[in-house]
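A.B. asks: can't give you the sequence, but here's the structure:
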């Protein structure tokens, strides 16, 4: 079954833009909110409990609340 975006009941509390040039080195992040990343150029890696994911341009990535991760 495919769900539409309207069925997700998303609530945006804060929006920001961050531009990083190899200086993004956050360790042990565990936010009380979901984080959404949109990569516009370059790439990065996000370290999750079970895997390391390479973030690539043209893709959006979501890390659910309270999932420990590092960049």
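C.D. replies: Received, thanks. Fair warning: this is a prediction, and the values are worked out from it, not measured in the lab.
A.B. asks: which residues in this structure form strands?
C.D. replies: Along the chain, counting by DSSP state E, strands occupy 35-38, 44-47, 52-55, 60-63.
A.B. asks: may I have the predicted confidence score for residue 9?
C.D. replies: Residue 9 carries a pLDDT score of 65 in this model.
A.B. asks: and the strands of the chain as JSON lines, adding distance to residue 24 and mean pLDDT?
C.D. replies: Bear in mind the C-beta positions are built from the backbone N, C-alpha and C, glycine included. Converted to JSON lines, these look like this (distance: least, CB to CB, whole Å; pLDDT from 0 to 100):
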{"stretch": "strand 35-38", "distance to residue 24": "10", "mean pLDDT": "85"}
{"stretch": "strand 44-47", "distance to residue 24": "6", "mean pLDDT": "90"}
{"stretch": "strand 52-55", "distance to residue 24": "10", "mean pLDDT": "94"}
{"stretch": "strand 60-63", "distance to residue 24": "14", "mean pLDDT": "89"}
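A.B. asks: need those in a markdown table (columns: distance to residue 28).
C.D. replies: Formatted as a markdown table, these follow (distance: least, CB to CB, whole Å):
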| stretch | distance to residue 28 |
| --- | --- |
| strand 35-38 | 14 |
| strand 44-47 | 10 |
| strand 52-55 | 15 |
| strand 60-63 | 13 |
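A.B. asks: ranking the ones you listed by burial, who's on top?
C.D. replies: Highest mean neighbour count of those: strand 44-47, a mean of 15 (counted as mean count of other CB atoms under 10 Å).
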